[in-house]
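1. no sequence on this one, just coordinates:
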């Protein structure tokens, strides 16, 4: 069974599929499917954007941990004042008055330190919630990685297929042109009729139309390749299936996907996030205890002229017991519980979706394997049939139309074989992605694997600073 599809790209003109036409290999300096996957893993903007989203999610953890830490604020004030006051000295008749007026520049500075001691376990639950959000974001990243690698493999194989089809259609036109020349020569000597010439001309025009369609598909596949993989395609070499990395039977594949697929594990972490949100909302009903220290130093008092300096220092504990805040806190709890129920349903949906994807990919892979065998037999049979029809036409037992039909059947069979070879490789990658194992580690790609834990450890216990770990 042929498992490789080989074709090339040289200055916009296609080279035939090595496996199909038996031509000498042109892949000595070709791009490989592995190289394309590496380029997509490193350069795809969608994947890089998702990595940035994970790094942004990492910051939820230090934000939650800040609830354990003190809050410190400094205050300062200063300026100039003009004060004038008149005081009645006595109430006898006549009364006497005393007036005091002047200018001064009062100033003050202070520091306030507050520390939450207990807030209904909201800080601890928010921290655990943030950690679950980080884990969910990592699983979403893993799902995006699988999607991009699958798109890259598909784009690569689509370009191989469309290049081979483009070349086959051009070769078909060359054959039809030669056949038309021969029919015209035979018409000139009276061996065939004008009808035979018209049939050959019609089939040549149809072949040229198919070349234009194949060229359009070829250019479209090249543009998609550039979009997903990030570079222009070179001379592409054969692609190989990755069946060896998938489970050997359908039940094993379904079980592996239900347990390890990133969409399933992300849904499970989202359940944890929603469950912890319920606890955070319930924490708003519990008392809050905090301690606040304050120190203020005043130089010249505002509104007074005879106070030179003063200070105030205090350490106070504050206990707040919520009784009723309009009912919003109860609504938030109910809302969080409903969201939790939704996340559990989402997890069930994810499992069913993964199962459906695996079963579908398994069926497509089996069909692609069988289709290759069928189309190979079809190509061999149509080649024999075409040769026979041509020989019979030479002795007058077949018409020109019979030869044209046999030629078209051979082209269709070769196109079908190219498509089957493409489907064989893409289906193997689809199955691997459906199982949840389409990753650089499993494929053995020679590329540094992005480790989301590195950034997380860099920012988790950060107390201050606005620069990101990469210096931005």
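-> Right, received. Where do you want to start? Only a predicted model underlies this, so the values are computations on that prediction, with no experimental measurement involved. Residues are numbered from 1 along each chain as shown.
2. pLDDT value on the residue most central in space within the chain, please?
-> The C-alpha lying nearest the average C-alpha coordinate of the chain belongs to residue 144 (CA atoms, centre = their mean; 3.2 Å). Predicted confidence (pLDDT) at residue 144: the value is 96.
3. look up the closest residue to it, ignoring the ones flanking it.
-> Excluding its sequence neighbours, the residue lying closest to residue 144 (CB to CB, 6 or more residues apart in numbering) is residue 50, at 4.3 Å. Using the backbone N, CA and C atoms, a C-beta is placed for each residue, glycine as well.
4. now the helices for the stretch 101-250 of the chain?
-> With DSSP state H, counting those that start in this stretch, the ranges of helices along the stretch 101-250 of the chain come out as 122-188, 194-229, 250-260.
5. mind giving me the packing neighbours of the shortest one?
-> Secondary structure elements in contact with helix 250-260, counted by 3 or more CB pairs under 8 Å, 6 or more residues apart in numbering; DSSP states H and E, are helix 328-394, helix 400-435.
6. for that helix, buried residues please.
-> Within helix 250-260, the residues scored as buried using 16 or more other CB atoms under 10 Å are 253, 254, 256, 257, 258.
7. show me which of those is closest to residue 280.
-> Using CB to CB, residue 258 is the member of the buried residues of helix 250-260 that lies nearest residue 280, at 30.1 Å.
8. what's the closest of the helices of the stretch 101-250 of the chain to residue 451?
-> Ranking the helices of the stretch 101-250 of the chain by proximity to residue 451 (CB to CB) places helix 122-188 first, at 10.1 Å.
9. now do that closest one and helix 400-435, the angle between them.
-> Per axes from the mean of the first three to the mean of the last three CA atoms, to 10 degrees, the angle that helix 122-188 makes with helix 400-435 is 170 degrees.
10. ok now helix 122-188, how far from the chain's centre?
-> 16 Å (CA atoms, centre = their mean, to the nearest Å).
11. any idea of the angle it forms with helix 328-394?
-> Comparing the axes of helix 122-188 and helix 328-394 via the same axes, to 10 degrees yields an angle of 20 degrees.
12. and residue 75, that one's in a strand?
-> Yes - assessed with DSSP: H, G, I helix; E, B strand; the rest coil, residue 75 lies in a strand.
13. chain neighbours aside, what residue packs nearest to it?
-> Closest residue to residue 75 apart from its sequence neighbours, by CB to CB, 6+ apart: residue 110 at 4.9 Å.
14. where does the stretch 301-450 of the chain have low pLDDT?
-> Scanning the stretch 301-450 of the chain with the threshold set as pLDDT under 70 gives 303.
15. identify whichever of the helices of the stretch 101-250 of the chain lies nearest to residue 302.
-> When the helices of the stretch 101-250 of the chain are ranked by distance to residue 302, counting by CB to CB, first place goes to helix 122-188 at 38.0 Å.
16. coming back round to it: and the residue nearest to residue 75, how many neighbours?
-> One way to gauge burial is a neighbour count; for residue 110, by other CB atoms under 10 Å, it gives 17.
17. how far away is residue 119 from residue 238?
-> Distance, residue 119 to residue 238, by CB to CB, to the nearest Å: 63 Å.
18. list the contacts for the residue nearest to the centre of the chain?
-> For residue 144, the contact set (CB atoms under 8 Å, 6 or more residues apart in numbering) comprises 46, 47, 50.
19. I'd like these as CSV, with neighbour count appended.
-> What follows is the contacts of residue 144, written out as CSV (neighbours: other CB atoms under 10 Å):
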residue, neighbour count
46, 13
47, 21
50, 20
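20. so which of the residues you listed are in helices?
-> 46, 47, 50 (DSSP state H).
21. how near is the closest residue to the second one other than its chain neighbours to residue 230?
-> On the basis of CB to CB, 6+ apart, the spatially nearest residue to residue 47 that is not a chain neighbour turns out to be residue 148, at 4.7 Å. Relative to residue 230, residue 148 is positioned 10 Å away (criterion: CB to CB).
22. please apply the same query to residue 34.
-> When distance is defined by CB to CB, residue 34 is 15 Å away from residue 230.
23. dump the residue contacts of residue 446.
-> Going by CB under 8 Å, 6+ apart, residue 446 touches 34, 38.
24. just to revisit the earlier point, quick check: which of the helices and strands packed on helix 250-260 is buried the most?
-> Mean neighbour count, computed with mean count of other CB atoms under 10 Å, is highest for helix 400-435 among the helices and strands packed on helix 250-260, reaching a mean of 23.
25. could you check how far that one is from the centre of its chain?
-> Using CA atoms, centre = their mean, the distance between the centre of helix 400-435 and that of its chain works out at 30 Å.
26. how far does stretch 238-253 stretch from start to finish?
-> Stretch 238-253 stretches 27 Å from its first residue to its last (CA to CA, to the nearest Å).
27. what do you get for stretch 188-199?
-> Using CA to CA, the end-to-end distance of stretch 188-199 comes out at 16 Å.
28. which parts of that stretch are buried?
-> Of the residues in stretch 188-199, those buried by neighbour count under the rule 16+ other CB under 10 Å are 192, 196, 197, 199.
29. can you tell me the closest non-neighbouring residue to the first one?
-> Excluding the flanking residues, the one nearest residue 192 by CB to CB, 6+ apart is residue 186, at 4.7 Å.
30. okay, that neighbour and residue 410: tell me how far apart.
-> When CB to CB is the yardstick, residue 186 and residue 410 sit 22 Å from each other.
31. one step back: got CSV for the contacts of residue 144, with distance to residue 443 and pLDDT too?
-> CSV is the format used below for the contacts of residue 144 (distance: CB to CB, whole Å; pLDDT from 0 to 100):
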residue, distance to residue 443, pLDDT
46, 19, 94
47, 15, 95
50, 19, 96
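32. which of these sits closest to residue 460?
-> Compare each of those with residue 460 using CB to CB and the shortest gap goes to residue 50, at 20.2 Å.
33. now the closest one: how far from residue 153?
-> Between residue 50 and residue 153 the distance is 18 Å, computed by CB to CB.
34. what's the domain layout of the protein?
-> Domain segmentation of the chain under automatic domain parsing yields 8-69+121-286+327-459, 71-118+287-321.
35. adding distance to residue 467, write those out as a markdown table.
-> What follows is the domains of the chain, written out as a markdown table (distance: least, CB to CB, whole Å):
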| stretch | distance to residue 467 |
| --- | --- |
| domain 8-69+121-286+327-459 | 11 |
| domain 71-118+287-321 | 21 |
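36. looking at the ones you listed, which is buried most?
-> Using mean count of other CB under 10 Å, the stretch among the domains of the chain with the greatest mean number of neighbours is domain 8-69+121-286+327-459 (a mean of 18).
37. alright, that wraps it up for me.
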